[in-house]
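Peer 1: fold the following and give me the result.
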Amino acid sequence: MPIRRLPPETVNRIAAGEVVERPSSAIKELVENALDAGATRIEVQADGGGLSRILIADDGHGMAPDQLALAVERHATSKLEPDDAGDVDLLRIHTLGFRGEALPSIGSVARLTITSRSAGGDAHQITVEGGDQRPVAPAGFPGPHGARVEVRDLFYATPARLKFMKSERSEAMAISEEIKRQAMAHEGVAFTLDLDGKTTLRLSAEHPGDEGRLKRLAALLGRDFEANALLIDQSREGIRLSGYAGLPTYSRGNGGHQYLFVNGRPVRDRLLQGALRGAYADFLARDRHPAAVLFLDIDPLFVDVNVHPAKAEVRFRDPALVRGLIVGALRHALHAAGHRASTTVADNVLAGFTAHSGPAFSPSASSARSFGAGGYSGWTGWDRPAAANQDIPGLSEMSVRVESPPPGFAAWPDQSSPANVPDPIDQPLGAARAQVHGTYIVAQTRDGIVVVDQHAAHERLVYERMKTQMAEGAVVRQALLTPEVVELDPAEADRIVARADELAKLGLIVEPFGGGAVLVRETPALLGDTDVQGLIRDIADDLAEHGAALALSERLGEVCGTMACHGSVRAGRVLSAPEMNALLRQMEATPHSGQCNHGRPTYVELKLNDLEKLFGRR
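Peer 2: Predicted coordinates:
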């Protein structure tokens, strides 16, 4: 067959298939045009999921009559300017839209009407229906300048495309999500969204900057995000990363709360998403996802935004530099957060309580030990016990006694002579008052109580210390009195032996011992008297699941977490008061101790206000 040029109408419809995939993508293009025109207020209306009608109104600088006709021509744009030689540098893109395809593409598959007025000029209008362009004509316009773009019967000229559209509800949700993304990136612009005549989003303009950005994000993502977000602001070699990232304990079951922007443009980029996951690898299980809104500002010369028709993907000249900046900035913010846990942890706890209108039990057969000032001194309610020296089941004796502290932390100084020791109740996690069910430490602060999961908390402490020792190349090892042989499946044994050098960096010395077995000679000293058999089998499972896909540092992180779990204080172990207070003090001094290695909270804090609400005192 001979080669021939396609008619302009067909070319435009092909372009429409790339640029205008669905109503939300048409709205994206039109909103970006309004932003590039300097709009400070953008109103969006959509009916029937955007298939029946779309209206975008803005107060930008508008267009003169002679510009309206050019606006609907393919590859005609105000956003790229040729140099003196007539060349256009496509690597220096400073605007959101630049291809000049959106308006003619929409006009080729729908009924498009553009009304606009430039400052000091008269309003004019142009209409395009299924690629058929009408002459520019005078029209009315409600404001001093700006544009109104109306799209009716989207894809009426290509009925086959309508079969691929989702339900009106799904399309409306996609539109709402698109407007939210645009609003996140431009806090200085007011946005209004009406769906089928109902206002679903109304955002006033915020002051540009971190404070205004956080207020905009709180309006879109909720006050919980605002309360649990960490400020990100780091630069490296001319690239700046800013925005907010959630605490690990404010994680989600999917990546739906991750928003990434490059030079103000919403993108879905695997590099950026992978860097975000890598930064949280130490803090979240693999089925949990961080919440984050991140903005990357980079010289246009170092990023190609022209690799995707809808500009949803980008390509970086130095991807390693970008990834390193993201991982480093996020880890720095997470480190600065210390032992802080998300506010939603306490909210979830309070929501789980059930109030009772009368006594649900009689504690006459049990009571509490006196734990000193501020602690239990007996029951004061309904059926008061006759004596206050009987045991309440689940509370361990907190007398100060001499015993070996758990591996990984030293005992708190003797509280019988606290001349130079601050009162633990004034510390962030307070003073230990009880141990419940051999698992949870109850501490008292000046303005509330703290409940700590002793196993999860100590697991994080051991993990962080192992990481520090590994980074310093000084993991302390202890030799087993008798080397231990661990029988494994031959494939599992091969995986362990293949990683022997890496495991040695963690203080675990293994060597082959015949078919399907390994010999363990030394273990990390931090683990204390650990279950070597269980440890090796768990490491074999980790390597089988992740070893082939993860980088060295991430593999070591997986194994390090497994070791920390085996070396931490187990649930059910009775702790003395000095041991419990030592655990609390080291939590306060250890970064990331607010969550275990799987992203679960290590403690819950309830303020007096929370308790008073719980008991109806306020």
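Peer 1: going by C-alpha atoms from here, please, whenever you check contacts or count neighbours.
Peer 2: Noted.
Peer 1: residue contacts, Ala147?
Peer 2: In this structure, Ala147 makes contact with 34, 56-60, 62-63, 114-117, judged by C-alpha atoms under 8 Å, 6 or more residues apart in numbering.
Peer 1: please save the CA atoms from the helix or strand where it lies in CSV.
Peer 2: Using DSSP states H and E, Ala147 maps to strand 146-152. Presented in CSV, the C-alpha positions along strand 146-152 are these (Å, rounded to 0.1, in the frame of the first residue of the first chain):
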residue,chain,number,x,y,z
GLY,A,146,-9.9,35.0,32.0
ALA,A,147,-11.4,32.1,30.1
ARG,A,148,-14.3,29.7,30.2
VAL,A,149,-13.9,26.3,28.4
GLU,A,150,-17.0,24.2,28.0
VAL,A,151,-16.9,20.6,26.7
ARG,A,152,-20.2,18.9,25.9
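Peer 1: average model confidence for that strand?
Peer 2: Taken as a whole, strand 146-152 carries a mean pLDDT of 96.
Peer 1: what's the answer for stretch 269-283, then?
Peer 2: On average, stretch 269-283 scores 82.
Peer 1: just stretch 430-450 next, same as before
Peer 2: pLDDT averaged over stretch 430-450 gives 90.
Peer 1: in that stretch, what counts as buried?
Peer 2: Neighbour-count burial for stretch 430-450, counted by 16 or more other C-alpha atoms under 10 Å, picks out 430-436, 438-446, 448-450.
Peer 1: do the same with stretch 144-160
Peer 2: Residues of stretch 144-160 classed as buried by neighbour count (16+ other C-alpha under 10 Å): 144-157.
Peer 1: for stretch 229-243, same thing?
Peer 2: Quick answer for stretch 229-243 (16+ other C-alpha under 10 Å): 229-234, 240-243.
Peer 1: neighbours around Gly121, how many?
Peer 2: As a burial measure, Gly121 scores 14 neighbours (other C-alpha atoms under 10 Å).
Peer 1: show the backbone phi and psi for the nearest residue to it once chain neighbours are set aside.
Peer 2: Residue nearest to Gly121 in three dimensions, not counting chain neighbours: Ala64, with 7.1 Å by C-alpha to C-alpha, 6 or more residues apart in numbering. When read as degrees, to the nearest 10, the backbone of Ala64 gives phi -80, psi 160.
Peer 1: show me the contacts for Ala64.
Peer 2: 116-118, 121-124.
Peer 1: would you list those residues in CSV and tack on pLDDT?
Peer 2: CSV is the format used below for the contacts of Ala64 (pLDDT from 0 to 100):
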residue, pLDDT
Ser116, 94
Arg117, 94
Ser118, 92
Gly121, 89
Asp122, 91
Ala123, 93
His124, 94
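Peer 1: in these, which residue is surrounded by the most others?
Peer 2: Neighbour counts for the contacts of Ala64, by other C-alpha under 10 Å, peak at Ser116, which reaches 34 neighbours.
Peer 1: is the residue lying closest to that residue once chain neighbours are set aside in a bridge, and if so with what?
Peer 2: Leaving aside its chain neighbours, Ser116 sits nearest to Ala147 (4.2 Å; criterion: C-alpha to C-alpha, 6+ apart). Assessed by DSSP bridges, Ala147 has beta-bridge partners Asp58, Ser116.
Peer 1: any idea how far Ala147 is from Ala119?
Peer 2: 11 Å (C-alpha to C-alpha, to the nearest Å).
Peer 1: could you do Ala39 as well?
Peer 2: Relative to Ala119, Ala39 is positioned 13 Å away (C-alpha to C-alpha).
Peer 1: which neighbours do these two share?
Peer 2: Residues touching both Ala39 and Ala119 (C-alpha under 8 Å, 6+ apart): His61.
Peer 1: looking at this structure, which strand is longest?
Peer 2: strand 477-487 (DSSP state E).
Peer 1: ok, residues contacting the helix or strand hosting Leu220?
Peer 2: Secondary structure assigned from DSSP H and E places Leu220 in helix 210-221. With C-alpha under 8 Å, 6+ apart as the test, helix 210-221 has contacts from 180, 183-184, 187-188, 203, 206-207, 224-226, 243-244.
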